[in-house]
Every structure is written in C-alpha cells, then in structure tokens.
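Peer 1: Give me a 3D structure for the following:
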Amino acid sequence: MLAARQHRSGTIFMAIVVLAMAAVWTAHHALVASAYDSTTTGRLSLVWTALFVVFMVQTLMYHLERPRRLSARGARQLSGLHVAILMPVYNEDPGYLKLGLESFLAQTRRPDSVHIVDDGSTSSDYAEVRAWWNRAAAEVGVAFTWQRVPNAGKRHAQAHGVRVSPEADIYITVDSDSCLAPNAVEEVLIPFSRPRVQSVAGIVIATNNRANLLTRVTDLWFVTSQLVDRSGQSAVGAVMVNSGPLAAYRAPVIRDNLDSYLNETFMGRPVMFSDDSLMTLYAQERGLTVQQPSAIVFTAMPEKWSHFSRMYLRWMRGSTIRSVWRMRYLSMARPAFWLHLLRWFQMFLTQMVTVWLLVVEPVAFDNLPPASMLWVPFIIGWAQGLRYLGVIRSDERIRSRALTWLMMPAAIVLAWTALRWMRWYGIATCARTGWGTRQNGAEVSLGGAGAAAPAPPVPAPLVELPLPAGRHARSAPLPKLLDPGNEQTLRIAVPRR
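Peer 2: Below is the predicted model:
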C-alpha cells in the first residue's frame, strides 16, 4: 500500500537559509537596476520593491502553516461524525480505480460509507472491480452504494452520491484515480474540530511521478505550489481552491448549494469543470477553508503533453470564471478576497516586468537586462522546492526525489514560456466550458505509460435516483443560490446524533 508523510524539521531550516540567499540575490538585482541612470532607476526600483515585498509576505505566510493537531475532546467529537466518500467514475483505468478503493479500506480511520457513481462510462462497466469491492467492503463493515447512471458530468455524479447519503456529516470528495495514504481520512478530519472550518484540502502527489520527465516536473511544480501558495492561504484560513483528488467539506456546504452547483452557468453556458473551486467558494462564504499538509493522496498525472495541456487549459479557464465569482461574491472582510486580488496583481506585475526588461529596456533605452535576472528565479525556485523534499514516500528513495528537485529550472522555464502563454489563452477562451479529457477512455493506466485501450462496454443498468421525498431541485442562476438563506436553495434534513 502506498504511504507518504511530511517531514518538516531539516527542510524548514534549509528553506529559511536558502530563501535568505534568494533575498540577497533579489536585493542585488535591485541595486543593479538602481545603477542605471536616474530615469531608468525610477522605472525599475518601485517595481522590484513591490515584487520583493510580495515575495517576502508569501514566504512568511507559508512558513506559518502547521498541521492541525487533535485534542482528546476533539477526537471524541470527530469519532461521532458520519464520514462519506464521494467517488465519481468516468472512463477510468480499472487498475487505478481498484488501487483507490483498496486505500479506502486500509485507512486508520475508515469512512462510514463510500458512494461510487459510474457516470455512464463507455470504456468499461468495471464488473470485476465491482465484484471485488462488494466482498471487500462488506468484510470490513463499510457501507456503500455503487450506481451506474447516464452520463451527465462529474458534478451530477457527485450529486447522486449526496442524495443517497443524507446521514453524512462530512463529505470527502475524491477522484477515480485517488489513492489515499493510510492516515489520510484521519488527518483530513482533524481541522473540523474547529467549528469555523468548513473545508479542508489535502496534499496531492503523483502516483506515476517517475514515468517520464513530464510527470517528474509536473509533480515537482504541483507539490511545491501546494506547500507554498496554498500553505500561505491556509495560514489565514483562506484556501481558494481545494484539489479534486482529496478534499473534505461539512455536509451542509454541499447540500445547501447542490442546486446551484449543478446549474452553474457562465456567459449563458453550463460550466462542467472547476467544481472543486466552486465548492471551496461555498465554504469560504461560511467560514474558514484550510489545508492539512499531513493528509496526502496519490493521483495519476498526465504522461503526454497533449493530455497535460488540455488539463491545464481547463484549469486556467475555470480559474478565470471563479475569479469573477470571487470578485462579485466574496466579502471584502475575508482574507480570501485580498489574497485573490494580490494574486492578480502579482501576475500582471510579473508579466509587465518581464516584457519591460526583456523587450522595452533593450529596444527603447539600450539597457540589457542584468545577468542576475537569469539566476534569481532559479534560486527562489530551488529554495521553495525544498518543501517538495519534505514529503517522504514509501515507494521512492530520497535520491530519486532529489533528482526531481534538481529539475526545478525545467519547471520554471516551462512556467515562464508555455504555461504563461496557456494561462493567457485560457483567460481569453474562458467561455469554452467543456471538460476536454477522457472522452475516449482513460489517458493514463496503472500498468504502464499512455492511455488504456478502450474496451467494448458491457451493457449495465442506468439508474436515475430522484431527490428525497418532498424535495425538488429547481434550476436557478448561481448568484441567487450563493446566498445561504435563499429559499430556493436545496436543503435536506440531517438527523443529528
């Protein structure tokens, strides 16, 4: 069974030392900029000061994050909660699907129920996996449902699971390729001992991180961003996007907004992606959204550029749509509102600085960019990437992870070139709201690199489950249903213990 944990002591010390070196390099670059003539100094000094301040604030914030610990009283409270896992499945590789289901049963704190919804898969009906699961779950006493429904998208598949689990107090959302570390459920529940916490994000690492260069660089970039950007947000209870492979929510966050969740539109088109960020936005409206860095999940990363690029464009389009909703609906009294503005400010400022130093200064003023500009991003990247080394995996030696860490320049070059262009292209094409992957079957298989060959589907009954008696979903635009008190919001009574 795959396992992982976070080791903090040495990594934190090393990160502080190297970040101090990065700060020195940044200061050096500012001095070089000031060595230009007085006109050029005025153009550059203020910009570099702003970027330096933003960088230092982010550094301070992510070092403030700590895994939540549990008191004896909190443990008793959490033990009485009904925890339900929601797993939508669509054209998933059977090997990854079974690996994830096995991890649910191997938890130190098993879920009370698991709700699997096959969203009309065309590549398989998972008969063998389902037969195994029926026996294995029954043996350990985990309640479950396994539904096969007409294809309607991930959100509707999750909703089927919600409707058959009215007793749940906490919903844990996972993907069909999620493999939970043995203590992931136990750890992701701990922050809920604080009443104000409404959602908890786990840490996502790649199951197939050593498949090729792309998966190594993607794993490095993704883990570092979670332990830097999202850790900083978590320090003030303002995580903006939970990850699909592992996130947990108080049940009312999902139930009370279910109709809005299923009927979100943007520019008149239904939104099929960005489901995790929308759930996080609902949670932010009610309280704190945090990350638990000790709750770790393995997931399959794209092994081909075509798969990765489609996934990244979907993320950027969803991020743009969600930014519009945050600006419109988040209260200015919440840290998430200002962190969201800071992110956009930093993105625009960085883009302007890059274009200015590489194009405008050389062409218009005959000033070549300082050589230190080539080194500062790599030093900062390596410094922040030390947090990647703090995640210890059962299936990989530290020297292999160190090799991945050394690839940080490749991740930075990718971020500065292809990903930057794709970010702006995603913003410009945010009205394209389709999913874009898995239409032809799983694109990553557990048995090896590449997509699994689609198998002829075996007919299986399609089940449409109605809402609980006396409740009827209504279509309504997102703005009305973001208000928790709106009468049109779907509500399902939950018996309390």
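
Peer 1: mind showing which ranges of the chain have poor pLDDT?
Peer 2: Regions of the chain meeting the criterion pLDDT under 70 cover residues 8-51, 370-374, 434-441, 447-497.

Peer 1: which parts of the longest strand seen in it are buried?
Peer 2: Longest strand of the chain, by residue count under DSSP state E: strand 288-299. For strand 288-299, burial by neighbour count (16 or more other Cβ atoms under 10 Å) applies to 288-299. C-betas here are computed from N, CA, C, even on glycine.

Peer 1: likewise stretch 357-371?
Peer 2: 357, 361, 367, 369-370.

Peer 1: Mark which of those residues are part of helices, please.
Peer 2: Using DSSP state H, the members of the buried residues of stretch 357-371 that fall in helices are residue 361.

Peer 1: ok, back up a step: show me what secondary structure element comes after the longest strand of the chain.
Peer 2: As assigned by DSSP states H and E, the chain's next helix or strand after strand 288-299 is helix 305-329.

Peer 1: Name the residues of that following helix that come out as buried.
Peer 2: 307-308, 310-323, 325-326, 329.

Peer 1: And that helix, what does it pack against?
Peer 2: helix 213-225, helix 275-286, helix 335-355, helix 418-428, helix 478-481 (3 or more Cβ pairs under 8 Å, 6 or more residues apart in numbering; DSSP states H and E).

Peer 1: can you state the direction angle for it and helix 275-286?
Peer 2: 20 degrees (axes from the mean of the first three to the mean of the last three Cα atoms, to 10 degrees).

Peer 1: Name the residues that touch helix 305-329?
Peer 2: The contact list for helix 305-329 (Cβ atoms under 8 Å, 6 or more residues apart in numbering) reads 214, 218, 240-241, 266, 271, 273-274, 277-278, 281, 285, 301-302, 336-337, 340, 344, 418-419, 422-423, 425-427, 429-430, 432-433, 435-437, 443-444, 478-479, 482.

Peer 1: roughly how far is that helix from the heart of the chain?
Peer 2: 12 Å (Cα atoms, centre = their mean, to the nearest Å).

Peer 1: State the distance from residue 401 to residue 393.
Peer 2: 7 Å (Cβ to Cβ, to the nearest Å).

Peer 1: Neighbour count: those two, which is higher?
Peer 2: Counting neighbours by other Cβ atoms under 10 Å for residue 401 and for residue 393 shows that residue 401 has the greater number, 22 against 19.

Peer 1: That one is in what secondary structure piece?
Peer 2: Using DSSP H and E, residue 401 falls within helix 398-405.

Peer 1: buried sites along whatever helix or strand comes next after that helix?
Peer 2: Downstream of helix 398-405, the next assigned helix or strand under DSSP H and E is helix 408-416. Of all the residues in helix 408-416, those buried under the rule 16+ other Cβ under 10 Å are 408, 411-412, 414-415.

Peer 1: how about those in TSV, adding distance to residue 125?
Peer 2: TSV is the format used below for these (distance: Cβ to Cβ, whole Å):
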residue	distance to residue 125
408	43
411	39
412	44
414	38
415	40
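
Peer 1: closest to residue 178 among the residues you listed?
Peer 2: Residue 178 has its nearest neighbour among the buried residues of helix 408-416 in residue 411, at 23.4 Å by Cβ to Cβ.

Peer 1: So that closest one versus residue 417, what's the distance?
Peer 2: In terms of Cβ to Cβ, residue 411 sits 11 Å off from residue 417.

Peer 1: Mutual contacts of the two, please.
Peer 2: Going by Cβ under 8 Å, 6+ apart, no residue sits against residue 411 while also sitting against residue 417.

Peer 1: The residue positioned nearest the centre of the chain - nearest residue in space that isn't next to it in sequence?
Peer 2: Nearest residue to the geometric centre of the chain (Cα atoms, centre = their mean): residue 243, 2.3 Å. Sequence neighbours aside, residue 204 is the residue nearest to residue 243 in space, at 4.7 Å (criterion: Cβ to Cβ, 6 or more residues apart in numbering).

Peer 1: so that neighbour, which of the three states?
Peer 2: Following DSSP: H, G, I helix; E, B strand; the rest coil, residue 204 is assigned to strand.

Peer 1: Count the neighbours of it for me.
Peer 2: Residue 204 has 22 nearby residues by other Cβ under 10 Å.

Peer 1: Over to the one 10 residues further on?
Peer 2: By other Cβ under 10 Å, the residues close to residue 214 number 17.

Peer 1: do the same with residue 136
Peer 2: Residue 136: 16 neighbours (other Cβ under 10 Å).

Peer 1: Same check on residue 117?
Peer 2: 27.

Peer 1: circling back to that earlier point, just the closest of the buried residues of stretch 357-371 to residue 113, please.
Peer 2: residue 357 (55.7 Å).

Peer 1: show me what contacts residue 200?
Peer 2: So residue 200 contacts 188-189, 191-192, 242, 247-249, 289-292, 295 (Cβ under 8 Å, 6+ apart).

Peer 1: Using the three-state scheme, assign it.
Peer 2: strand.

Peer 1: try residue 87
Peer 2: Relying on three-state DSSP, one would call residue 87 strand.

Peer 1: pretty sure it is touching residue 113, no?
Peer 2: No: counting by Cβ atoms under 8 Å, residue 113 is not a contact partner of residue 87; they are 11.2 Å apart.

Peer 1: who's more crowded, the two?
Peer 2: residue 87 (25 against 20).

Peer 1: mind checking how far the more buried one is from residue 143?
Peer 2: Counting by Cβ to Cβ - residue 87 and residue 143 are separated by 14 Å.

Peer 1: Now the common contact residues for those two.
Peer 2: The contact lists of residue 87 and residue 143 share residue 114, where a contact means Cβ under 8 Å, 6+ apart.

Peer 1: closest to residue 155 among the buried residues of stretch 357-371?
Peer 2: Once Cβ to Cβ is applied, the member of the buried residues of stretch 357-371 that ends up nearest residue 155 is residue 357, at 43.2 Å.

Peer 1: Can you give me the separation between the nearest residue to the closest one once chain neighbours are set aside and residue 277?
Peer 2: Distances taken as Cβ to Cβ, 6+ apart place residue 369 nearest to residue 357, at 4.4 Å, with adjacent residues excluded. Relative to residue 277, residue 369 is positioned 35 Å away (criterion: Cβ to Cβ).

Peer 1: For residue 224, list the residues it contacts.
Peer 2: 384-385, 387-388, 411.

Peer 1: and with 7 Å instead?
Peer 2: 384-385, 387-388 (Cβ atoms under 7 Å, 6 or more residues apart in numbering).

Peer 1: Closest to residue 71 out of these?
Peer 2: residue 387 (27.2 Å).

Peer 1: Count the neighbours of that closest one for me.
Peer 2: 25.
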